[in-house]
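**Student:** Sharing a model prediction with you, sequence too.
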Amino acid sequence: MSASLSLVHEVLPPQQKTEKPPLLLMLHGFGSHEQDLFGMAPMLNEKCFVVSARAPIDLPWGGYAWYEIDFSNLGEKMNNVPQAKKSMEAILKFIDEVHEAYGTDPENVNLLGFSQGSILSYGLSLSHPEKFQKVIALSGYIMPDIVPEKYNPESLKHLDIFASHGTADEVLPVDWARNAMKVLEQLNISHQYREYAMGHGVSPECFEDLKSWMKEKGVK
């Protein structure tokens, strides 16, 4: 049963009971909801307390968003950056509430995001690296407007990232993910990047790889 916190959410306690379990926070994509990624939870909760959060912006046609997206007359995508930053602050507040409500470990917070949730996972971990450990970034990229202009390399060295993208992604081009990997390399952040013959989604092969990565890193 989930507690009444600032973001609507689903929870799945870990199979292995510990006093302060690691937190795995799931952040869904644009137009989706907290149930979307939560289907993965029973395969990822051996050690982790899994929480899947609903984004705060209610879209008029259904679903939810962490920030709204518009398009210019030339068809260029325009992100609502103030909303994205506000959602990042809301997520940080929510994480504190989760620790209080469920007894998760503040020293072991991990993110799993898809698409827009992946973009915010990058933003959160690069802006507040002291608050996070591992990041699973599925079909996302690094949005320059929500990450620092300058970094303290020492503060980033503990981060570890699994990133995936579809070579046929029609929503977020694969080159955007490749550019994100260049940033991670420049910052000397440990990461594993995989591409799959898929569109904007998570293929069975991708899911198996992320499970293996989590197990290898001691998160799963």
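**Tutor:** Yep, that arrived.

**Student:** Tell me where the model's unsure across this protein.
**Tutor:** 1, 74-75 (pLDDT under 70).

**Student:** which other helices and strands contact the longest helix belonging to it?
**Tutor:** As far as residue count goes, and with DSSP state H defining each element, the longest helix of the chain is helix 81-102. Packing contacts for helix 81-102, counted by 3 or more C-beta pairs under 8 Å, 6 or more residues apart in numbering; DSSP states H and E, involve strand 23-27, strand 49-53, helix 116-127. C-beta: built from backbone N, CA, C; applies to glycine.

**Student:** partner strands of the helix or strand that the longest one is followed by, parallel or antiparallel?
**Tutor:** On the C-terminal side of helix 116-127, the nearest following helix or strand under DSSP states H and E is strand 134-138. With DSSP bridges as the criterion, the sheet partners recorded for strand 134-138 are strand 109-114 (parallel), strand 160-166 (parallel).

**Student:** Not counting sequence-adjacent ones, nearest residue to the spatially most central residue of the chain?
**Tutor:** Relative to the mean C-alpha position of the chain, the nearest C-alpha, by C-alpha atoms, centre = their mean, is the one of residue 113, at 2.6 Å. The shortest distance from residue 113 to any residue that is not its chain neighbour, by C-beta to C-beta, 6 or more residues apart in numbering, is 3.6 Å, and that residue is residue 121.

**Student:** wait, what's in contact with that neighbour?
**Tutor:** Residue 121 makes contacts with 27, 111, 112, 113, 135, 136, 137, 140, as judged by C-beta atoms under 8 Å, 6 or more residues apart in numbering.

**Student:** any idea how far residue 131 lies from residue 107?
**Tutor:** Plainly put, residue 131 is 9 Å away from residue 107 if you go by C-beta to C-beta, to the nearest Å.

**Student:** neighbour-wise, which of those two wins?
**Tutor:** When neighbours are counted by other C-beta atoms under 10 Å, residue 131 comes out ahead of the other of residue 131 and residue 107, with 15 against 11.

**Student:** My read is that that one contacts residue 93, right?
**Tutor:** No. Distance between residue 131 and residue 93: 11.8 Å, which falls outside the contact criterion (C-beta atoms under 8 Å).

**Student:** For residue 43, which residues are in contact?
**Tutor:** Listed by C-beta under 8 Å, 6+ apart, the contact set of residue 43 reads 207, 211.
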